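[1] predicted model and sequence follow; I will ask about them next.
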Amino acid sequence: MISSWFVSDIVRDPVSHYDEHEVRHVVQAIGSSSIEKAKSFVEKHISSSETSTFPPTLYASYKEVYNDPNVDIVYVGTPHSLHMQNTIDAINAGKHMLCEKPMAINAKEAETMVNSARDKGHMIGEPRRTLIDFGLDMPFDKLDPNSRSRDPQLGAGSLLDIRIYSLIWASMIFHSDLENQGSALMLNNGADEMAAVAICTASDLYKLDNEFGRIEGTEGSIIIYGGAASKPSGLILRRKGEDPKTLDFPVDGWGLYNEADAVAKNIRDVRQENDITPLDETLRIMRVMGEVCKQNGLKYSQDQ
Ligand SMILES: NC(=O)C1=CN([C@@H]2O[C@H](COP(=O)(O)OP(=O)(O)OC[C@H]3O[C@@H](n4cnc5c(N)ncnc54)[C@H](OP(=O)(O)O)[C@@H]3O)[C@@H](O)[C@H]2O)C=CC1
Ligand SMILES: O=C1OC[C@@H](O)[C@H](O)[C@H]1O
C-alpha cells in the first residue's frame, strides 16, 4: 500500500509542493515478488509521461534493486519484520536507505541497522511526518489474520504501527520525560490492539471521523485531524476562555515527498542523517517501545 503512495508522490513535480526547486526524484527500479506485480504497480501508480522519460527497471527480487548501479537510494515499504534484513542488505550493497516506520521490530534490530549505516557511511532515515492520543478504526477482528496489520510474525500491533506517532509527538513536547512511563497493552491473539503509555495512548479500535489525535495541556487542547496520523491536514486549537481556532494545512498528494526531499538533500549535502529526526531519536523511541513491551509481556519472535 504505502509504496504506491510513495512513488505516486515522489514523481509529482516538486515545484507543486512547497515550491521545491532543489530536488527531482526518479523511480529508477522496482523490486517485487514478481515481474507481473511490479509491472502492474508501475502501470497503476506512475504516469505514462513519467515512465516514457524514465522507465523503471523491474526486478522480481529486492536484491537486484540493491545491486543496480543506477540506484542511489532504496526505499523499504515492506512489513515491519522485514525492515532490518532489507535495510542491511541494501546498505551492504552500498546504497543509501529510507526505511518506513517503525524502523524495526525492536531497539536491538534498530541499533544493528544504525551501526551498519554508520559503519558504511550511509544515511538511513525513518519516514515520520507526524509526530498524543491517536486512533485508527481497524479492529483486529475485521482484519485479514495474515496481513501485516494483524499477524504478530510480521510485526503487527498498535504499538509499532501507530503508537510510534504519538510517542514522537510526546517526545517533541516532553522530551526528557518520556522514559520510565507506566504502560498497558491490550493484547488480542499475540498483538496489541490498544497501547497506553501514561502520557499518551494509541488505539486501533476508535477514531472519531477524521479526528485522529488529541493533545491536552493545562492551557487548552489541540485536536489533530486529517486522513491518519501519517497525513495530518489541520488543527483545532482550544485555549481556555477563547473561541476555538481551526488551522488548515492541506496536503498535496500524500505528503511523502517531504521525506524523499529531505533524504535527497542529505545525500546532496553529504549528511549521513537527518537533522530534524536524527538516528539517536529513532533509537530512543524504539527503546521506549521496547520498555512498554517488557512491562506488558509482549514478545515478538525477534525478541527471543
Ligand atoms: N508513513 C505512512 O504513512 C505509512 C506507513 N506504513 C508503513 O509502511 C510499511 C508497509 O505497510 P503497507 O504498505 O501497509 O504493507 P503491505 O501489507 O501492503 O505490504 C507491502 C509489500 O511488502 C511486500 N512483502 C514482502 N514480504 C511480505 C510478506 N511476508 N507479507 C506481505 N507482504 C510482503 C509485498 O510486496 P511485493 O510482493 O511486491 O514484494 C507487499 O505488497 C509498514 O512499515 C507500515 O508501518 C503503512 C501505511 C502508512
Ligand atoms: O498512518 C497509518 O495508518 C494506517 C496504519 O496501518 C499505518 O501503518 C500508519 O502509518
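    Nice, thanks for sending it over. Ligands and ions are numbered 1, 2, ... in the order given.
[2] name the residues of the longest helix along the chain that are buried.
    Criterion DSSP state H: the longest helix present in the chain is helix 279-296. Of the residues in helix 279-296, those buried by neighbour count under the rule 16 or more other CB atoms under 10 Å are 279, 281-293, 296. Yep, even glycine has a C-beta here, placed from its N, CA and C like the rest.
[3] and the closest residue to ligand 1 within the stretch 201-304 of the chain, how far from ligand 2?
    As assessed by CB to the nearest ligand atom, ligand 1 sits closest to Ser230 within the stretch 201-304 of the chain, at 2.9 Å. Ser230 sits 3 Å away from ligand 2, going by CB to the nearest ligand atom, to the nearest Å.
[4] related to what we said a few turns ago, and the longest helix of the chain, what does it pack onto?
    helix 107-120, helix 164-173, strand 183-188, strand 191-197 (3 or more CB pairs under 8 Å, 6 or more residues apart in numbering; DSSP states H and E).
[5] what about it and ligand 1, any contact?
    No: remark: helix 279-296 sits outside contact range of ligand 1, by CB under 6 Å from any ligand atom, the gap being at least 12.9 Å.
[6] rewinding a little: tabulate the helices and strands packed on helix 279-296 (a markdown table), appending distance to Ser40 and mean pLDDT.
    Output for those, formatted as a markdown table (distance: least, CB to CB, whole Å; pLDDT from 0 to 100):
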| stretch | distance to Ser40 | mean pLDDT |
| --- | --- | --- |
| helix 107-120 | 30 | 94 |
| helix 164-173 | 30 | 82 |
| strand 183-188 | 33 | 88 |
| strand 191-197 | 30 | 86 |
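[7] which one of those is the most hemmed in?
    Among the helices and strands packed on helix 279-296, the stretch with the highest mean neighbour count (mean count of other CB atoms under 10 Å) is strand 191-197, at a mean of 24.
[8] got a list of contacts for stretch 147-164?
    79-82, 101-102, 105, 128, 134-136, 138, 140, 143-145, 185, 189-195, 197, 200, 202-204, 229, 285, 289, 292-293, 298, 300-301 (CB atoms under 8 Å, 6 or more residues apart in numbering).
[9] show the buried residues in these.
    Using 16+ other CB under 10 Å, the buried members of the contacts of stretch 147-164 are 79-82, 101-102, 105, 128, 134-136, 138, 140, 143, 185, 191-195, 197, 200, 202-204, 229, 285, 289, 292-293, 298, 300.
[10] what's in contact with stretch 78-92?
    For stretch 78-92, the external contacting residues (CB under 8 Å, 6+ apart) are 62-63, 65-66, 74, 76, 97, 99-100, 102-105, 109-110, 112-113, 116-117, 120, 122, 124, 148, 153-156, 160-161, 300, 302.
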